[in-house]
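**Q** quick one, fold the following:
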Amino acid sequence: MSDERAFIPLAIAILTVSDTRSLEDDRSGAVLVERLTANGHRLADRQIVTDDVDAIQAAVQDWCHRTDVDVVITTGGTGFTGRDVTPEALEPLFEKRMEGFSTVFHRISYDKIGVSTIQSRATGGVINATFVFALPGSPGACRDGWDHILEPQLDYRHKPCNFVEIMPRLDEHLRRGGRST
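**A** Below you'll find the model as predicted:
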């Protein structure tokens, strides 16, 4: 009997946060779409919203309450300028924050861009039993985040553990009457 697990494709929604991009020139969103589909996952939806807390929250909450979306990845709005509000939009919605996502992202980023990695506020967490990840708005950061963190963690075959195998248990607190968004 083989110990090999079968691949489980996920439905992933991509949100680009930008005041200036359109689907035609959104290179960061395109990198994520290309990588997730090349890995056998399905693009559940793709949108662009402006750097606005309410717009970001509305799109992400909509996806996190749909049964046909397993994961949400945002790109953009994680810097320090006045318009960068993605962490401010997402973190209050997190039922569980994933501290390790930011830590590992910065470790990988440091190898590529050195101390400039401190200019990113990449974050991750769980909203309504849906994994949500916020990556910076550069194609390179999206490649690094996907290739080195998300690709292996969103693959059920990855050992010793991965996000896919715990997905059925993400809503335990909701089923017990715990806090929900």
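**Q** now do the strands in this protein.
**A** 11-17, 42-49, 71-75, 96-97, 123-127, 130-135 (DSSP state E).
**Q** redo those as TSV? Include distance to E172.
**A** Glycine gets a C-beta too; all of them are placed from N, C-alpha and C. Shown next, in TSV, are the strands of the chain (distance: least, CB to CB, whole Å):
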stretch	distance to E172
strand 11-17	21
strand 42-49	23
strand 71-75	18
strand 96-97	11
strand 123-127	11
strand 130-135	14
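**Q** turn these into CSV, including mean pLDDT, distance to F163 and mean neighbour count.
**A** Shown next, in CSV, are the strands of the chain (pLDDT from 0 to 100; distance: least, CB to CB, whole Å; neighbours: other CB atoms under 10 Å):
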stretch, mean pLDDT, distance to F163, mean neighbour count
strand 11-17, 98, 12, 24
strand 42-49, 98, 16, 17
strand 71-75, 98, 8, 27
strand 96-97, 95, 12, 13
strand 123-127, 98, 10, 22
strand 130-135, 98, 6, 27
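**Q** tell me which of the ones you listed sits nearest to V31.
**A** V31 lies closest to strand 71-75 among these, at 8.3 Å (CB to CB).
**Q** which phi and psi does the residue nearest to E4 when sequence neighbours are not counted have?
**A** Nearest non-adjacent residue to E4, counting by CB to CB, 6 or more residues apart in numbering: R157, 7.3 Å away. Phi and psi for R157, reported as degrees, to the nearest 10, are phi -80, psi -10.
**Q** list the residues that contact R157.
**A** Going by CB atoms under 8 Å, 6 or more residues apart in numbering, R157 touches E4, R5, A6, F7.
**Q** let's see 10 Å
**A** Contacts for R157 (CB atoms under 10 Å, 6 or more residues apart in numbering) come out as E4, R5, A6, F7, I8, V164.
**Q** now, those residues that are in helices?
**A** When the contacts of R157 are checked against helices (DSSP state H), the matches are V164.
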